[in-house]
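1. A structural model of the following input is requested.
(2 chains)
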Amino acid sequence: MARFLFPEWTQPLKKYVITPALLLGPVYIVALAAVVKDPQTLRIGYMPKQPVPYSHALHVGEMGLDCRYCHNVVDRSPKAAVPPAATCMNCHQTVLPKSEKLTPVRQAFFENIPVHWTRVTDLPDYVYFNHSAHVTRGIGCESCHGRIDRMVTVYQTAPLTMQWCLDCHRNPEPNLRDPANVTAMGYKPAPGEGAKVKKELQINPPTDCSTCHR
Amino acid sequence: MASATEAHADDHGHGGENARETFRGITRDVTKVNLTPIGRWWYPAFGVSLLLLGMLVVAVTHLFRTGIGIWGNNNVQGWAWDITNFVFWVGIGHAGTLISAVLYLFRQDWRTSINRSAEAMTIFAVACAGIFPILHTGRPWFAWWMIPHPNDMGMWPQFRSPLMWDVFAISTYATTSILFWYMGMVPDLATLRDKSKDKVRQVVYGLLSLGWRGSARQWHRYERAYLILAALSTPLVLSVHSVVSFDFATSQNPGWHTTILPPYFVAGAIFSGFAMVMTLMLPLRHVLGLKHIITQDHIHAMCKVTVATGTIVGGAYAIELFTAWYSGNLWEWFTFRNRILGPYAWAYFIMVSCNVIAPQFFWVKKFRENLVFVWILCAFINVGMWFERFVIIVSSLARQALPGAWGYFEPTKWDFMTLAGSFGLFGTLFLLFVRFAPVVAMAEVKAVSPAAHAGKDDH
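-> Here you go, the predicted model:
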């Protein structure tokens, strides 16, 4: 009676299939992790084309406009507020009133139809985020949005992963500053400023699920 | 008898022609189950199991589409049938490891004829158990979050939670049991390979037996590995159900928060496991013609384990009650009075009569020899052990300290379908095992058969 043992041709399998698989397995896992952590996967650098070539670098960086001039409810409301065309027209009635680049703004202003800006920093819908809670507690705009004063077109700088949120919620001190300087760009907090703000404002960020997933 | 002449290398007895004949007989009778067309009983049994399995698929599909609101669980009864079924099936899974590991280390040779099927039962019961906590989470597609892994959520499982310990306890148990079961089967799969006539079986059993030739070196390593696995699984017999009991014991809830729970759960698990082994083996030895391998002696032994563990469980019930009264704690005592006199009294008395009274018949030899009666008692024990978990889980939650938040659990048809369906899954797996795998550990049975020791004096 013939026994079925492993025939001779299966021997090379060990050398050419099983051993390489065992060796390449860890390589695959590392490569997979690298791809996941890649900025492109996380959309860091996401820079959508906007209907109006509005330059934050010009308005904020060169002319020193405060963030809150346009995003005026950021310290009172969960949402930072994209300004209406009327805000633009405060200046642009007299500054460059005929510029072609500003046509959509004037159109929006006179026809009362908002400009269709594309949201850059977009959290998933199952995440509750409140701008005012962060801004009034001394989290600088640049901590999440980056150096807006240097961006001609705004792009995403933070990974926006839950890990990234939790890193700060678990240890907020490095990102805390005196709330008076919350909109300052390129701000260097004084030594011990974070700890001081944390103590004074009694900042103790919650990390339970229902903080953000409500 | 014709196939006896074809037996070959695996009859290495010491007792001459007599022993050789015994060994051939064991091989013939066990491999017959897999290599000849199975008896007619198998098809209706498998059909019913498949139907029940289909019911599980329907119930689970509906659950995934709708959510756990389809069950009878409510605000008060957050844990109900789902967790009851889980603990029930995990408990069933305990006899396998006890038989294969603990009895092996204690040199209880009678285990050899039942260990294979008990191990199979263990694995399939753990598989049934495993689905319930996952369904219970309500979002089973996130169940993989229970596996600790680095992730972009910055999130780790809650290692302080006994529910998390459960994940590790059960998965360790499942892994070890599968390894133990499969490794023990290798020599027998090789026997099946050698006895198979058709090419498909020869190749499939050949692959599964991993090139086993039965050389002295292979046997030596096999025995070593078996011993190591037995030593590894032995603590699991005690630890797994202890950890399951921590789900309850570490809570603050009266009726759950007791130190007796771990040993009480372990005894109950072995009790229910042995009852299930007998529920399966009594009909099986009959239909497969294995009465000379799984003998009346084995049934005596299993009945004795059952009555011993059943009595421990009965004692635990009594101590639990006594402690509740003796503690002087109002809530504790109320919970236990409520179990006996409250709306779930019916469940309590089913539990006590099935688990404490039923096994007492096994003290008497005459009862142990009436196999129909033994089977009926074992079926009662299975029911009783399900109700034990139901009583612990549901009745303790129904009436907690705040009377305004009292409730009563009523199962829906989906609860019934899921429970019945889990039996379908179990039955399907077990019947496939009976059909295609060696149901008795032939090599081990031969080693402990009287024939193997007949020539002992010659050495």
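2. tell me the phi and psi of A:Ile139?
-> Phi and psi for A:Ile139, reported as degrees, to the nearest 10, are phi -90, psi 110.
3. Please look at it and A:Asn175 and confirm they touch.
-> Yes: with contact defined as CB atoms under 8 Å, A:Ile139 counts as touching A:Asn175 (5.7 Å). Backbone N, C-alpha and C define where each C-beta goes, glycine included.
4. So for these two, which sits in the more crowded spot?
-> Applying other CB atoms under 10 Å in any protein chain shown to A:Ile139 and A:Asn175 shows that A:Ile139 carries more neighbours, namely 22 against 18.
5. OK, contacts around that one?
-> Applying CB atoms under 8 Å, 6 or more residues apart in numbering or on different chains to A:Ile139 gives the contacts A:Cys168, A:Pro172, A:Asn175, A:Leu176, A:Arg177, A:Val182.
6. give me the number of residues near the closest residue in space to B:Gly268 that isn't next to it in sequence?
-> Spatial nearest neighbour of B:Gly268, chain neighbours left out: B:Val313 (5.0 Å); criterion: CB to CB, 6 or more residues apart in numbering or on different chains. Counted with other CB under 10 Å, the neighbours of B:Val313 add up to 27.
7. restrict the contacts of A:Ile139 to contacts with chain B.
-> Applying CB under 8 Å from any CB of the partner chain, the subset of those adjacent to chain B is empty.
8. what do A:Ile139 and A:Asn175 both touch?
-> Taking CB under 8 Å, 6+ apart as the criterion, A:Ile139 and A:Asn175 both touch A:Cys168.
9. So which residue is smack in the middle of chain A?
-> What sits nearest the mean C-alpha location of chain A, by CA atoms, centre = their mean, is A:Ala158, with 4.0 Å.
10. same question, chain B
-> Centroid-nearest residue in chain B, with CA atoms, centre = their mean: B:Gly93, separated by 2.4 Å.
11. Correct me if wrong: that one contacts B:Tyr173.
-> Yes: counting by CB under 8 Å, B:Gly93 does reach B:Tyr173; the two are 7.3 Å apart.
12. so where is the chain shaky, pLDDT-wise?
-> No chain was given, so I picked chain A. A:1-2 (pLDDT under 70).
13. you looked at the wrong chain, it should be chain B
-> Chain B contains residues with pLDDT under 70 at B:1-17, B:453-459.
14. Next to chain A, which bits of it? Give me the list.
-> Proximity of chain B to chain A is confined to B:6, B:8, B:150-155, B:193-194, B:202-203, B:205-207, B:211, B:213 under the rule CB under 8 Å from any CB.
15. hmm, 7 Å instead?
-> Contact residues, chain B versus chain A (CB under 7 Å from any CB of the partner chain): B:Asp152, B:Met153, B:Gly154, B:Met155, B:Arg193, B:Asp194, B:Gln202, B:Val203, B:Gly206, B:Gly211, B:Arg213.
16. thinking again about what came up before, and the closest residue to the residue nearest to the centre of chain B other than its chain neighbours, how many neighbours?
-> Ranked by CB to CB, 6+ apart and with sequence neighbours excluded, the top spatial neighbour of B:Gly93 is B:Ala125, at 4.0 Å. Neighbour count for B:Ala125, taken as other CB under 10 Å: 28.
17. my read: B:Ala125 touches B:Trp89, true?
-> Yes: the pair B:Ala125 and B:Trp89 qualifies as a contact (CB atoms under 7 Å) at a distance of 4.9 Å.
18. which element is residue 64 on?
-> Assuming you mean chain A. Secondary-structure assignment from DSSP states H and E places A:Gly64 in no helical or strand segment.
19. I was after chain B.
-> Judged by DSSP H and E, B:Phe64 forms part of helix B:42-66.
20. and B:Thr175, how many residues sit next to it?
-> With other CB under 10 Å as criterion, B:Thr175 counts 11.
21. And B:Gly138, which helix or strand is it part of?
-> Using DSSP H and E, B:Gly138 sits in no helix or strand.
22. Now for the closest residue to it other than its chain neighbours, how many residues are close by?
-> Of all residues not flanking B:Gly138 in the chain, B:Ile68 sits nearest, at 4.9 Å (CB to CB, 6+ apart). Neighbours of B:Ile68 under the rule other CB under 10 Å: 17.
23. and B:Ile68, backbone torsions?
-> Main-chain torsions, B:Ile68, degrees, to the nearest 10: phi -70, psi 0.
24. Can you name the residues of chain A that neighbour chain B?
-> By CB under 7 Å from any CB, the residues of chain A that approach chain B are A:Met1, A:Arg3, A:Phe4, A:Leu5, A:Phe6, A:Thr161, A:Met162, A:Gln163, A:Leu166, A:Asp167.
25. Relative to B:Tyr264, how far out is B:Gly154?
-> To B:Tyr264, B:Gly154 is 39 Å away according to CB to CB, to the nearest Å.
26. Look up the residues that both of B:Gly93 and B:Tyr173 are in contact with.
-> Residues touching both B:Gly93 and B:Tyr173 (CB atoms under 7 Å, 6 or more residues apart in numbering or on different chains): B:Val126.
27. Next, count neighbours for B:Ser272.
-> Other residues within reach of B:Ser272, judged by other CB under 10 Å, total 33.
28. Now do it against B:Val305, distance only.
-> From B:Ser272 to B:Val305 the distance is 12 Å (CB to CB).
29. Please apply the same query to B:Ser242.
-> Taking CB to CB, one finds B:Ser242 at 19 Å from B:Val305.
30. Assumed A:Phe109 was part of a helix.
-> Yes: the assignment for A:Phe109 (DSSP: H, G, I helix; E, B strand; the rest coil) places it in a helix.
31. if we can go back for a sec, I figured the residue nearest to the centre of chain A was touching A:Trp164, is that so?
-> Yes: counting by CB under 7 Å, A:Ala158 does reach A:Trp164; the two are 6.1 Å apart.
32. No more questions from me, cheers.
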